[in-house]
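Trainee: Got a predicted structure here, sequence first:
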Amino acid sequence: MIRYELSCDNGHAFEGWFGSADDFDRQQTMALVSCPTCGSTHVAKRLMAPSVSTARRKQQRQDLAVQTGQREMMAKLREIVSTIRANSEDVGERFPEEARKIHYGEAEQRGLIGRATADEVRDLLEEGVEVAPLPVLPDDTN
């Protein structure tokens, strides 16, 4: 589709959409293009700036897509973290001890969250205890 800025011999400006430049020419020759204000069929194309896709405009569209994707990803990540927190027991500083008890069958299987130092996490992983960090997400309300 191609859009033309048009005007009639009475000075009314309007736009028209056509399948191609040839389609406009054919319709104009057959007096099918008319002014919606006065009905005149003496219509001409007006000078108009071309719609050029600049690198800046393309970058703006890409930035918008990335921002939208990031917002959606952060919303999903927040949902996941919220679900984990709602379905886990927060054992705080006792996390390494409780995780070991579960790993070695000394306590019931359950979801745990808590705090551990980097050294404690490294020791747990070396023992084969499966642990993963729960991300602290930025607050979007600022």
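Mentor: Looks like it arrived, so ask away.

Trainee: how about the helices in this protein?
Mentor: 21-29, 55-86, 95-103, 118-126 (DSSP state H).

Trainee: name the helices or strands packed onto the last one?
Mentor: Just to be clear, that refers to helix 118-126. helix 95-103 (3 or more C-beta pairs under 8 Å, 6 or more residues apart in numbering; DSSP states H and E). (Glycine included, C-beta is placed from N, CA and C.)

Trainee: The helix it packs on to helix 118-126, inter-axis angle?
Mentor: Orientation of helix 95-103 against helix 118-126 (axes from the mean of the first three to the mean of the last three C-alpha atoms, to 10 degrees) gives an angle of 10 degrees.

Trainee: neighbouring contacts of helix 95-103?
Mentor: Here helix 95-103 makes contact (C-beta atoms under 8 Å, 6 or more residues apart in numbering) with 91, 106-110, 112-116, 120-121, 123-124, 127-131.

Trainee: what do you get for stretch 116-134?
Mentor: Contacts of stretch 116-134 (C-beta under 8 Å, 6+ apart): 81, 84-85, 95-96, 99-100, 103, 113.
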